[in-house]
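Student: fold the following.
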Amino acid sequence: MDKLFKISQRGSTVKREIVAGLTTFMTMAYILAVNPSILADAGKDSTAVLLATAIASFIATVCMAFMANMPFALSAGMGLNAYFAYTVVLGMGYPWQFALLAVFAEGLIFIILSLTNVREAIFNAIPLALKRGVSVGIGLFIAFIGLQNAKVVVDSSTLVTITSFTENFSTQGITALLALVGLMLTAALHIWKVKGAVLIGIVATWALGIVCQLTGVYVPNVDAEFYSLIPEKIISVDFSKLGLTFGECFKIDFSSIKILDFIVVVFAFLFVDIFDTLGTLIGVVSKADMLDEEGRLPAIRPALLADAVGTTAGAVLGTSTVTTFVESASGVAAGGRTGLTALVTGALFLLSTLFAPLFTTIPSFATAPALIFVGFLMFSSIAKINLEDDLTDAIPAYITIIAMPMCYSISEGISLGIISYVILKLCTGKAKKVNWLMYVLAVLFILKYIFL
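Tutor: Numbers count the residues shown, from 1 in each chain. Reported below is the predicted structural model:
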């Protein structure tokens, strides 16, 4: 094992790698509750989504372990699952099977791109300030989704506002309050350096909700989509519901597909995925201090290939795009330095399929604190952005950050960030400092706004 993963060579031990793998799983296991909640809004069965998510996470993370020997774990990406559910399905009106087929197609394209230098070249071309801005922007976007899921932030004449805690207190009011309590608990546990603080916060918030239901403070209302918080069972070896999503991306009526529409959706997923993947990977390696002096990640190609394989497998199984998780940094902080960390995390994801009934009962207000707090963890990268020395770097990073939550799109933030970066460099006589690929990307993004 030491020879296979080069554990001693990287200054680690088998015990340390196993502990790191367990730590990574504990900090990202919330996705098993969050992803079914989000994709259920697109009309998918939550249990099927959980099983698909867990198995796809296992496949992708094991690929990362053996192909790249990196301590990174993968699962259904936050932001990308929101794009799948709220933009492609609910926004554009496509069925989720159509969206899965688009994810599968872009996954195949990603495999091809990952075998070439295209994605690696894009990664290296993006300046370090923008990379860090992407990490911060994704954090704000995810936090905004969490606030919405908890009904803390609701629609209003000013687009959004804080909820009324006293109105409908037995449903919306109490769940919003519990979400805020869970957020404070998660933050306190993190400050106390408790491992698995995010997962513990989810479970504790859920437990408080159960107490509220038993005492009559929380009253389930199925018509208003407030369900019972008490699980009917904990363990299940019935995986039949996976059949509701497995291979469904190939079972649509192809004669009803308009080829131009399909190309547009595939391009949209391709566009979002390539920059979300790069952005999330940037966030992981930045938090783990694994970038070299030039802001590059050694052995990025096999890591990107593992990501692409995970996306393709996930589409077949029935989940949205699989990507590297920023929570992998927690395993690195615990000492993980090799693929053994990823292998342990992947094995735990596979084991979690036995607990599908438990995960699918967890309400959205209990997972909301996880989203909001993960947003903070990613937001912390803002401290590494130099906001004074070179404003032609700092201002595009700022635009990237605010555009993601404001436009409700990670890809829009990256687009506007890159366009503004190139324009400011041109206007201030620093054009020669810009990588030629940044000019190409800026032109492509401008054309996207004109024609798409």
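
Student: okay, CA-based contacts and neighbour counts for the rest of this
Tutor: Noted.

Student: give me the below-cutoff pLDDT ranges for the stretch 301-450 of the chain.
Tutor: For the stretch 301-450 of the chain, residues meeting the criterion pLDDT under 70 lie at 326, 330, 333.

Student: and the strands in the stretch 101-250 of the chain?
Tutor: Using DSSP state E, counting those that start in this stretch, the strands found in the stretch 101-250 of the chain span residues 153-156, 159-162.

Student: partners of the last one, with directions?
Tutor: Next to strand 159-162 in the sheet, as set by DSSP bridges, lie strand 153-156 (antiparallel).

Student: which residues touch the partner strand?
Tutor: The contact list for strand 153-156 (C-alpha atoms under 8 Å, 6 or more residues apart in numbering) reads 147-148, 160-163.

Student: that strand: which residues count as buried?
Tutor: For strand 153-156, the neighbour count (16 or more other C-alpha atoms under 10 Å) marks V153 as buried.

Student: equivalent analysis for stretch 422-434, please.
Tutor: Neighbour-count burial for stretch 422-434 [16+ other C-alpha under 10 Å]: 422-425, 434.

Student: redo the residues you listed as CSV? Include distance to I401.
Tutor: Shown next, in CSV, are these (distance: C-alpha to C-alpha, whole Å):
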residue, distance to I401
V422, 17
I423, 17
L424, 17
K425, 19
V434, 20
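
Student: in the stretch 51-200 of the chain, where is pLDDT below threshold?
Tutor: The stretch 51-200 of the chain contains residues with pLDDT under 70 at 119, 196.

Student: redo the strands of the stretch 101-250 of the chain as TSV? Include distance to V181.
Tutor: As requested, these are exported to TSV (distance: least, C-alpha to C-alpha, whole Å):
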stretch	distance to V181
strand 153-156	15
strand 159-162	16
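
Student: next, count neighbours for the closest residue to R132 other than its chain neighbours.
Tutor: Residue nearest to R132 in three dimensions, not counting chain neighbours: S381, with 6.0 Å by C-alpha to C-alpha, 6 or more residues apart in numbering. A count of nearby residues for S381, using other C-alpha atoms under 10 Å, gives 21.

Student: with the one 10 residues further on instead?
Tutor: The local packing count at L391 equals 15, with neighbours defined by other C-alpha under 10 Å.

Student: confirm that T323 sits in a helix.
Tutor: No: counting by DSSP: H, G, I helix; E, B strand; the rest coil, T323 is located in no helix; its state is strand.

Student: pretty sure it sits against A313.
Tutor: No: using C-alpha atoms under 8 Å, T323 makes no contact with A313, being 11.8 Å away.

Student: neighbour-wise, which of those two wins?
Tutor: Counted by other C-alpha under 10 Å, T323 and A313 do not tie: T323 has more neighbours, with 30 against 23.

Student: so how far is I191 from that one?
Tutor: Distance, T323 to I191, by C-alpha to C-alpha, to the nearest Å: 27 Å.

Student: quick one, helices of the stretch 1-150 of the chain?
Tutor: Using DSSP state H, counting those that start in this stretch, the helices of the stretch 1-150 of the chain run over 2-5, 14-28, 31-40, 46-63, 80-82, 96-114, 118-125, 128-149.

Student: deepest of the ones you listed, which one?
Tutor: The highest mean neighbour count among the helices of the stretch 1-150 of the chain, using mean count of other C-alpha atoms under 10 Å, belongs to helix 46-63: a mean of 28.

Student: what residue lies at the spatial centre of this protein?
Tutor: The centre of the chain sits closest to M78, judged by C-alpha atoms, centre = their mean, with a distance of 2.3 Å.

Student: now do the phi/psi pair for that residue.
Tutor: M78 adopts backbone torsions of phi -70, psi 140, taken as degrees, to the nearest 10.

Student: shouldn't it be in contact with I142?
Tutor: Yes: distance between M78 and I142: 6.9 Å, which falls inside the contact criterion (C-alpha under 8 Å).

Student: I419 against L444, yeah?
Tutor: No: using C-alpha under 8 Å, I419 makes no contact with L444, being 9.5 Å away.

Student: which one's more surrounded, these two?
Tutor: Comparing I419 with L444 by other C-alpha under 10 Å, the one with more neighbours is I419, at 21 against 14.

Student: give me the pLDDT value at P298.
Tutor: If you check P298, the pLDDT there is 68.

Student: take the buried residues of stretch 422-434 and keep only those in helices.
Tutor: Within the buried residues of stretch 422-434, residues falling in helices by DSSP state H are 422-425.

Student: dump those residues to CSV, plus distance to Q172.
Tutor: Shown next, in CSV, are these (distance: C-alpha to C-alpha, whole Å):
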residue, distance to Q172
V422, 45
I423, 46
L424, 46
K425, 48
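
Student: ok, of those, which one's closest to L350?
Tutor: The shortest approach to L350 among these belongs to V422, at 44.3 Å (C-alpha to C-alpha).

Student: could you measure the closest one against A82, distance?
Tutor: Counting by C-alpha to C-alpha, the gap from V422 to A82 is 29 Å.

Student: ditto for Q172
Tutor: On the measure of C-alpha to C-alpha, Q172 and A82 end up 22 Å apart.

Student: just C212 next, same as before
Tutor: Applying C-alpha to C-alpha, the value for C212 to A82 is 29 Å.

Student: what do you get for S228?
Tutor: Distance from S228 to A82, counting by C-alpha to C-alpha: 24 Å.

Student: coming back round to it: could I get the helices of the stretch 1-150 of the chain in CSV, plus columns for distance to G182?
Tutor: Converted to CSV, these look like this (distance: least, C-alpha to C-alpha, whole Å):
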stretch, distance to G182
helix 2-5, 38
helix 14-28, 15
helix 31-40, 15
helix 46-63, 23
helix 80-82, 22
helix 96-114, 32
helix 118-125, 36
helix 128-149, 12
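
Student: out of the ones you listed, nearest to V198?
Tutor: helix 14-28 (5.8 Å).

Student: hmm, G201 is touching V181, no?
Tutor: No: if you go by C-alpha under 8 Å, G201 and V181 don't touch, sitting 9.3 Å apart.

Student: of the two, who's got more company?
Tutor: Legend: neighbour count by other C-alpha under 10 Å for G201 and V181, higher for G201 (29 against 18).

Student: ok, the residue lying closest to that one once chain neighbours are set aside - how many residues close by?
Tutor: Spatial nearest neighbour of G201, chain neighbours left out: T186 (4.8 Å); criterion: C-alpha to C-alpha, 6+ apart. For T186, the tally of surrounding residues (other C-alpha under 10 Å) stands at 26.

Student: report the contact partners of T186.
Tutor: Here T186 is in contact with 197-198, 200-201, 369-370, 373 (C-alpha under 8 Å, 6+ apart).

Student: any idea how far it lies from I410?
Tutor: For T186, the distance to I410 (C-alpha to C-alpha) stands at 25 Å.
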